Every structure is written in C-alpha cells, then in structure tokens.
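J.: No sequence on hand, only this structure:
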C-alpha cells in the first residue's frame, strides 16, 4: 500500500471513466495500521475542508492506484 501522502490529491475515477473527485484524506485504523477508506471531495474552493459533501470510499472498492485511483461501482 502507498503512503497517505502519495494518495492525497489523486483523482478518483470509476470503471466507466467517470471522475468522482480528488482524495482529500484517508481514514486509518490505528490499531492495525491499515487504510479503511478514502475521503473524496467533489471539488470547489473549499475542497481542503472536510464536509458532508465528501464521499467515503471503502478500500475494498479500490481496483488500482496509479496516476489515478480506479474504483468499482456498487
């Protein structure tokens, strides 16, 4: 798994190439030191602030992490 700094700021797209947003933060389980979810913002000038508009994407939905993060749709 990549570090938090490598993930934040990456664009998130689904398997249909629809842009979901950009990773603003990650939720970490500190007991077992694993990433549980990605916090994805939908853009705008307040993007750096966590809000109710954020999308929480569980790690099991992530297919690949490269230049972009590819997720599957439920």
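T.: Structure's in. What do you need? This one's a predicted model, so the numbers in the text were calculated from it and none came from an experiment.
J.: residue boundaries of the strands in the protein?
T.: 11-14, 19-29, 34-41, 55-58, 62-65, 68-71 (DSSP state E).
J.: quick one: which of these is nearest residue 4?
T.: For the strands of the chain, the distance to residue 4 is smallest for strand 19-29, at 5.3 Å, taking CB to CB. Placement of C-beta: from N, CA and C, glycine included.
J.: where's the closest one relative to the chain centroid, distance-wise?
T.: When C-alpha coordinates are averaged (CA atoms, centre = their mean, to the nearest Å), strand 19-29 and its chain have centres 3 Å apart.
J.: Kindly report the same for stretch 61-74.
T.: For stretch 61-74, the separation from the chain centroid amounts to 9 Å (computed by CA atoms, centre = their mean).
J.: Show me the residue at the heart of the chain, geometrically.
T.: In the chain, the C-alpha nearest the mean C-alpha coordinate belongs to residue 38, at 3.4 Å (CA atoms, centre = their mean).
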